[in-house]
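Student: Quick one, structure for this:
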Amino acid sequence: MNSPSPLQLLLALIALAIPSSSFAPIRSRHALVAHHQQHQSTLTTLQAGGFEWEDPTSEYADPGIENPYKNPSLKSSSENSDDSSSGDLKIDAARLLSPRLKGCNIYLIGLMGSGKSAIGDTLARRMATYNFLDMDSILERAAGMSIPSIFETEGEEAFRHAEATVLDSVHAHIRCVISTGGGVVLRNQNWSKLQTGIVVYLKCSPEVIIQRIEGTDRPLLQTSNPLETLKNIYEERREKYEQADVTVEIGKEMDVSKACEEVVKAVHEFIDENPPAYKTAKMKAQADGLDWVN
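Tutor: Numbering: from 1, shown residues only. Next up, the predicted model:
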């Protein structure tokens with residue numbers, strides 16, 4: 001019988017190799033300490049979601065937990081403005097996602113280079129009480145090798161199996177923004193884990209992505225025509241990506257901040273359109289004349 005490969009051994013031990021305590025180092029501890037020292041004299045610093053955040057103390061610190069974009073009292077721009085970005089609100093709309101999600105995870109899916117890691121990290125920081133988990137980074141740390149090396153030594157099928165194992169582990173955690181690998185959508189069993197949270201598809205065209213990752217070492221693009229290869233990958237996965245709960249278009253000129261803002265807005269809208277069962281039952285009871293329901 002052949003001896004198990006290093007990656008096969010990893011799959012047997014991965015639940016132990018990536019415990020909860022290993023997630024926190026994804027953030028820069030040095031940056032957090034510097035930030036704390038800079039603001040310590042004037043701000044209250046709390047530990048939340050595995051990192052430091054500034055305790056909101058303004059009169060708008062507790063604006064309720066409904067969609068802030070639909071709350072006129074939170075608008076700071078002119079009355080005639082139709083723009084509903086967080087820049088026109090007196091509070092950060094991302095902060096209000098946490099109580100509305102009630103611990104539910106956010107999974108970011110999309111093609112390689114669509115911005116899942118950068119947007120996910122920014123989103124978690126703005127939410128303040130959520131952790132950011134990058135599945136590719138977790139897998140590389142647990143395996144002790146880069147993803148290109150895994151593809152080269154073990155092959156794509158072994159990598160997909162390891163990726164699914166990482167998803168099995170991280171989906172058991174709550175209050176996380178999780179950046180998935182581009183191909184995680186290919187396995188139907190992965191969707192049983194993704195659908196325990198809100199799935200956000202970052203839709204970015206192959207033409208835009210190829211400009212972003214020019215000269216990439218991504219294993220699947222080591223071909224004579226990377227753009228054509230990426231287009232084929234997109235067509236293969238497009239139907240899977242479109243199963244997401246929320247789709248956010250990532251344009252060529254859209255930076256991380258703007259993309260994150262669009263995700264925040266889209267998730268608030270999704271929650272409005274898909275209220276939890278208890279809220280639906282409450283609304284029905286009130287509509288039926290049960291005024292004592294509050």
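
Student: hey, let's count contacts and neighbours off CA atoms from now on
Tutor: Fine.

Student: Count the neighbours of V267 for me.
Tutor: When neighbours are counted by other CA atoms under 10 Å, V267 registers 24.

Student: Please identify the helix or strand for it.
Tutor: helix 256-273 (DSSP states H and E).

Student: Contacts for that helix next, please.
Tutor: Contacts of helix 256-273 with the rest of the structure, by CA atoms under 8 Å, 6 or more residues apart in numbering, involve 67, 69, 85-86, 93-94, 97, 100, 115, 118-120, 122-123, 200, 245-248, 250.

Student: could you pull out the strands for the stretch 151-294 of the chain?
Tutor: 176-179, 198-203, 246-249 (DSSP state E, counting those that start in this stretch).

Student: Helix 256-273 and the longest one, what's the angle between them?
Tutor: For the pair strand 198-203 and helix 256-273, the angle between their directions (axes from the mean of the first three to the mean of the last three CA atoms, to 10 degrees) equals 140 degrees.

Student: where does the protein have low pLDDT?
Tutor: For the chain, applying pLDDT under 70 flags the ranges 1-65, 77-87, 215, 276-283, 291-294.

Student: Going along the chain, name the helices of it.
Tutor: 6-17, 29-39, 97-101, 116-127, 135-143, 147-154, 156-170, 188-194, 206-212, 226-241, 256-273, 277-287 (DSSP state H).

Student: Which one, of the ones you listed, ends up nearest to K75?
Tutor: Set against K75 and scored by CA to CA, these come closest in helix 256-273, at 14.6 Å.

Student: Pull out the buried positions in the closest one.
Tutor: Across helix 256-273, burial judged by 16 or more other CA atoms under 10 Å covers 256, 258-268, 271.

Student: State the distance from A259 to A172.
Tutor: Relative to A172, A259 is positioned 27 Å away (CA to CA, to the nearest Å).

Student: try L230
Tutor: Where A172 is concerned, L230 sits at a distance of 32 Å (CA to CA).

Student: These two: who's more crowded?
Tutor: It is L230, of L230 and A172, that has more neighbours when counted by other CA under 10 Å, with 21 against 10.

Student: residue contacts, the spatially closest residue to that one that is not a sequence neighbour?
Tutor: Leaving aside its sequence neighbours, L230 sits nearest to P206 (CA to CA, 6 or more residues apart in numbering; 6.1 Å). Neighbouring residues of P206 by CA under 8 Å, 6+ apart: 227, 230-231, 234.
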